[in-house]
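Chemist: Here you go, sequence then predicted model.
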Amino acid sequence: MATFVGFLAIIMWAMLALFTDVSGKVPPFQLTAMTFAIGTSLGLISWLWRPGAARNLRQPAKVWLLGIAGLFGYHFLYFTALRNAPAVDASLIAYLWPLFIVVGSALMPGEKLRWFHMVGTLLGLSGTVLIITKGGSFGFDAQYGFGYAMAGLCALTWAAYSLLSRRFAHVPTDAVTGFCAATSVLSLVSHLMLEQTIWPEGAVQWLAVLGLGLFPVGAAFYVWDYGVKHGNIQVLGAASYAAPLLSTLVLIIAGVTEPTTRVMLACLLITLGAVLAAKEMLFKRR
């Protein structure tokens, strides 16, 4: 059940590209500050029915450090990578985090890395390459070395956050509300230092920002926290490669892009990879 809850985050992240596209020209850090503020409000609203939940913010400094480094650190490194390297290359490097999660899980207590976890994850990575590169080629240029390094750190940061969260499985998911609030504030500071403020134009763009804050940059982090702490983290890592595929399918349904053979092949690779990685869970002997 916890693994399914974690997979809900992957489904919500599939809406990220569409909502971001519709949100207009709002700068990345400003958009992050706005959407994480909305994500914070989700936790605060839930506390109206759970008065004692606010006490769950009282956590050791190492828990706060992990949460803020995971949420804010990932986004800061990702946007820095996009500023200093081609978007395709940076995105592809940054999306190595599911592979890092599956491989890193072998170092976690009670976990065991099997061949089908690795093969399934590599199939998912292959499908993701097709999605991100649009079936074309990609190359690495030394002049973008700093951007590539930031993208690599981005992938390592999210993988480390997801894996280390499992070591703090006793920490309630309510703590994510505090992580979201801190990320919103730090993103606002980054925006004021690095960007020019541009507000959404019209109701549609404002609704897109609201949708981002409620789902892919809001509820998704709460369910991901629960999933990686209590579910099958290897299956979640491999299944995470479905996010760019589902995102592309959402864009196709919305009429933003066209269906292609490349998308169908990516769908096949990612689906096979996810099923193979989850083989032990799906086909467990009675």
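Modeler: Arrived safely. Numbers count the residues shown, from 1 in each chain.

Chemist: what's the neighbour count on the closest residue to residue 113 other than its chain neighbours?
Modeler: Excluding its sequence neighbours, the residue lying closest to residue 113 (CB to CB, 6 or more residues apart in numbering) is residue 106, at 3.5 Å. All C-beta atoms are positioned from the backbone trio N, CA, C, and that covers glycine. Neighbour count of residue 106, defined by other CB atoms under 10 Å: 13.

Chemist: measure residue 106 to residue 115 for me?
Modeler: As judged by CB to CB, to the nearest Å, residue 106 and residue 115 stand 12 Å apart.

Chemist: Kindly report the same for residue 85.
Modeler: Counting by CB to CB, the gap from residue 85 to residue 115 is 33 Å.

Chemist: of the two, who's got more company?
Modeler: A count of neighbours by other CB under 10 Å puts residue 85 above the other of residue 85 and residue 115, at 24 against 8.

Chemist: so that one touches residue 151, yeah?
Modeler: Yes - judged on CB atoms under 8 Å, residue 85 makes contact with residue 151 at a distance of 6.5 Å.

Chemist: and residue 113, what is it in contact with?
Modeler: The contact partners of residue 113, by CB atoms under 8 Å, 6 or more residues apart in numbering, come to 102, 103, 105, 106, 234.

Chemist: If you could redo that for residue 204, that was the one I meant.
Modeler: Residue 204 touches residue 22, counting by CB under 8 Å, 6+ apart.

Chemist: Phi and psi next, for it.
Modeler: phi -60, psi -40 (degrees, to the nearest 10).

Chemist: Low-confidence regions, the stretch 1-150 of the chain specifically.
Modeler: Along the stretch 1-150 of the chain, segments meeting pLDDT under 70 span 134-140.

Chemist: What ranges does it have for its helices?
Modeler: Remark: helices assigned in the stretch 1-150 of the chain by DSSP state H, counting those that start in this stretch are 2-13, 16-22, 28-46, 61-68, 74-84, 87-94, 97-104, 115-133, 145-165.

Chemist: Quick one: list the elements packing against the fourth one.
Modeler: Meaning helix 61-68. When contacts are defined as 3 or more CB pairs under 8 Å, 6 or more residues apart in numbering; DSSP states H and E, helix 61-68 sits against helix 145-165, helix 175-194.

Chemist: for the shortest one, which positions count as buried?
Modeler: It stands for helix 175-194. Applying a neighbour-count criterion of 16 or more other CB atoms under 10 Å, one finds 175-188, 190-191 buried in helix 175-194.

Chemist: Could you do stretch 263-280 as well?
Modeler: Buried-residue list, stretch 263-280, by 16+ other CB under 10 Å: 263, 266-267, 269-280.

Chemist: Mind exporting the C-alpha coordinates of that stretch to PDB?
Modeler: Output of stretch 263-280 as PDB, limited to C-alpha atoms (Å, rounded to 0.1, in the frame of the first residue of the first chain):
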ATOM      1  CA  VAL A 263       6.700   7.800 -27.500                       C
ATOM      2  CA  MET A 264       5.200   4.400 -28.100                       C
ATOM      3  CA  LEU A 265       8.700   2.700 -27.900                       C
ATOM      4  CA  ALA A 266       9.500   4.700 -24.700                       C
ATOM      5  CA  CYS A 267       6.200   3.600 -23.200                       C
ATOM      6  CA  LEU A 268       7.100   0.000 -23.900                       C
ATOM      7  CA  LEU A 269      10.600   0.300 -22.500                       C
ATOM      8  CA  ILE A 270       9.500   2.100 -19.300                       C
ATOM      9  CA  THR A 271       6.500  -0.300 -18.700                       C
ATOM     10  CA  LEU A 272       8.700  -3.400 -19.200                       C
ATOM     11  CA  GLY A 273      11.300  -1.900 -16.900                       C
ATOM     12  CA  ALA A 274       8.800  -1.100 -14.100                       C
ATOM     13  CA  VAL A 275       7.200  -4.500 -14.300                       C
ATOM     14  CA  LEU A 276      10.500  -6.200 -14.200                       C
ATOM     15  CA  ALA A 277      11.700  -4.200 -11.300                       C
ATOM     16  CA  ALA A 278       8.500  -4.900  -9.400                       C
ATOM     17  CA  LYS A 279       8.600  -8.600 -10.400                       C
ATOM     18  CA  GLU A 280       9.100  -9.800  -6.900                       C
END
